[in-house]
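**Q** Sequence isn't available, so here's the structure alone:
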Ligand SMILES: Nc1ncnc2c1ncn2[C@@H]1O[C@H](COP(=O)(O)OP(=O)(O)OP(=O)(O)O)[C@@H](O)[C@H]1O
Ligand SMILES: [Mg+2]
């Protein structure tokens with residue numbers, strides 16, 4: 001369309017920053033370009049950016065890497081910067097909703113109301129009688145300010161402000177469609193957080209960021225073996241590829257796997273307790289840390305839920321200059337950037 005603002009999906013991870021450019025026409029999506037760079041050490045936390053300028057520098061470098069001419073970015077909030085909570089309210093007129101939602105939020109959201117921005121999404125599922133279910137999204141203004149400063153310094157503009165978990169669900173929906181009747185969990189095992197989303201018939205009904213991920217393995221190796229963080233990361237990745245490492249590395253990985261399993265199980269239990277009538281049928285996983293040896297089979301066994309990899313490119317074609325081999329290489333950690341890049345302004 002004339003004047004349409006094409007977006008860049010920008011996923012700011014604590015381990016890698018990813019940028020994705022897509023073209024979507026009549027439901028057909030094409031990957032125009034994708035780039036990623038390591039996040040400068042320690043600058044991205046579990047819900048905040050500690051050093052906006054150094055992230056902005058990385059974003060500028062990425063813009064050059066992918067040679068983008070787009071100006072608007074789609075960004076996702078994550079971790080402690082955003083709370084997503086499902087609430088049930090009486091069915092009321094649309095014009096009364098804002099006030100009702102604000103009142104409900106003050107009961108349920110443990111942030112200072114002056115410091116948050118609220119939005120909500122009515123969950124469109126059949127039934128419900130006199131009540132309706134609403135996903136309440138409370139974002140910390142501090143994070144919104146950091147994003148504004150970031151795009152400013154990188155000479156870009158905010159097109160869409162999203163939630164990483166919702167972007168994950170968006171990437172899933174493009175590739176797999178709305179699966180009728182099924183309750184599906186999506187897990188994105190990152191470095192600092194694991195995004196846990198539950199969708200039912202294409203609607204997000206639960207979203208929570210588990211503050212646990214790949215960096216917990218690295219931290220434990222660092223702490224217990226007295227090696228530096230980069231050495232600990234290298235030991236972990238050697239264990240992943242089957243290169244010989246001291247036996248202690250394997251035992252640490254296995255101990256941290258147990259903690260990760262507990263975290264996922266707790267989130268699933270929390271979902272079940274808060275969503276009467278829904279049981280998770282299956283789970284799609286992604287994220288760099290999903291490659292940790294034995295993690296996925298063990299979670300599947302502990303929860304009794306079948307797991308399969310989420311392919312973020314199942315229905316996305318390579319654009320000119322993007323090779324299928326490259327798409328295969330980035331697939332394990334691209335999902336959130338893809339889901340963000342698929343958004344439209346005013347989506
Ligand atoms: N093959 C692999 N097997 C296991 N772990 C891996 C592998 N490759 C990368 N990792 C780990 O995955 C993490 C990076 O994944 P990802 O890019 O999804 O995280 P991120 O988006 O930067 O983090 P977050 O979103 O949590 O802030 C790091 O902890 C890294 O050590
Ligand atoms: Mg991530």
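**A** The structure has been received and is ready for your questions. Note that the structure is predicted; figures quoted are calculated from it, not measured. Ligands and ions are numbered 1, 2, ... in the order given.

**Q** What segments of the chain are helices?
**A** Taking DSSP state H to define them, one finds helices in the chain at 52-65, 94-108, 141-153, 164-176, 214-225, 229-241, 247-274, 295-303, 324-341.

**Q** average pLDDT for the last one?
**A** The one in question is helix 324-341. Mean pLDDT, computed over helix 324-341, is 98.

**Q** would you list the helices of the chain in CSV and tack on mean neighbour count and distance to ligand 2?
**A** In this view, the C-beta of every residue, glycine as well, is placed from N, C-alpha and C. Shown next, in CSV, are the helices of the chain (neighbours: other CB atoms under 10 Å; distance: least, CB to the ion, whole Å):
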stretch, mean neighbour count, distance to ligand 2
helix 52-65, 17, 14
helix 94-108, 13, 26
helix 141-153, 17, 15
helix 164-176, 25, 7
helix 214-225, 20, 10
helix 229-241, 17, 16
helix 247-274, 16, 15
helix 295-303, 17, 16
helix 324-341, 22, 6
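
**Q** Show me what the lowest-mean-pLDDT helix or strand in the chain is in contact with.
**A** Taking mean pLDDT, DSSP states H and E as the measure, the chain has helix 94-108 as its least confident helix or strand, at a mean of 85. Helix 94-108 is contacted from outside by 85, 87, 89, 92, 113, 116, 118, 120, 134, 136, 138, using CB atoms under 8 Å, 6 or more residues apart in numbering.

**Q** residues touching the third one, list them.
**A** Think residue 89. Going by CB under 8 Å, 6+ apart, residue 89 touches 100-101, 104, 131-132, 134.

**Q** now, the most widely separated pair of the contacts of helix 94-108?
**A** Using CB to CB, the contacts of helix 94-108 reach their maximum pairwise distance at 92 and 116, which is 21.9 Å.

**Q** got the contacts of residue 89 as TSV, with distance to residue 189 columns?
**A** Formatted as TSV, the contacts of residue 89 follow (distance: CB to CB, whole Å):
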residue	distance to residue 189
100	36
101	32
104	32
131	35
132	33
134	29
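
**Q** now, among the residues you listed, which is nearest to residue 81?
**A** residue 101 (19.4 Å).

**Q** which residue is nearest the centroid of this structure?
**A** For the chain, the residue lying nearest the average C-alpha position, counting by CA atoms, centre = their mean, turns out to be residue 164 (3.6 Å).

**Q** Please name the nearest non-neighbouring residue to that residue.
**A** residue 76 (3.7 Å; CB to CB, 6 or more residues apart in numbering).

**Q** Need the pLDDT of the one you found.
**A** At residue 76, the pLDDT value in this model is 96.

**Q** Could you give the bridge partners of it?
**A** Beta-bridge partners for residue 76, by DSSP bridges, are residue 162.

**Q** And it, how close does it get to residue 301?
**A** 31 Å (CB to CB, to the nearest Å).

**Q** count of neighbours near whatever residue of the stretch 1-150 of the chain ends up closest to ligand 2?
**A** Per CB to the ion, residue 13 is where the stretch 1-150 of the chain lies closest to ligand 2, at 3.7 Å. If you count neighbours by other CB atoms under 10 Å, residue 13 ends up with 25.

**Q** Now do the same contact list for it.
**A** By CB under 8 Å, 6+ apart, the residues touching residue 13 are 39, 44, 190-192, 333.

**Q** And the residue of the stretch 51-200 of the chain found nearest ligand 1, what's its pLDDT?
**A** Residue nearest to ligand 1 within the stretch 51-200 of the chain: residue 190 (2.3 Å; CB to the nearest ligand atom). You'll see residue 190 listed with a pLDDT of 98.

**Q** Now do it against residue 21, distance only.
**A** 21 Å.

**Q** Mind checking which of those two has more residues around it?
**A** Regarding residue 190 and residue 21, a neighbour count based on other CB under 10 Å identifies residue 190 as having more, with 29 against 23.

**Q** List the contacts of that one.
**A** 13-15, 213-214, 287-289.

**Q** which residue does the stretch 151-300 of the chain bring closest to ligand 2?
**A** Counting by CB to the ion, the stretch 151-300 of the chain gets nearest to ligand 2 through residue 190 (3.4 Å).
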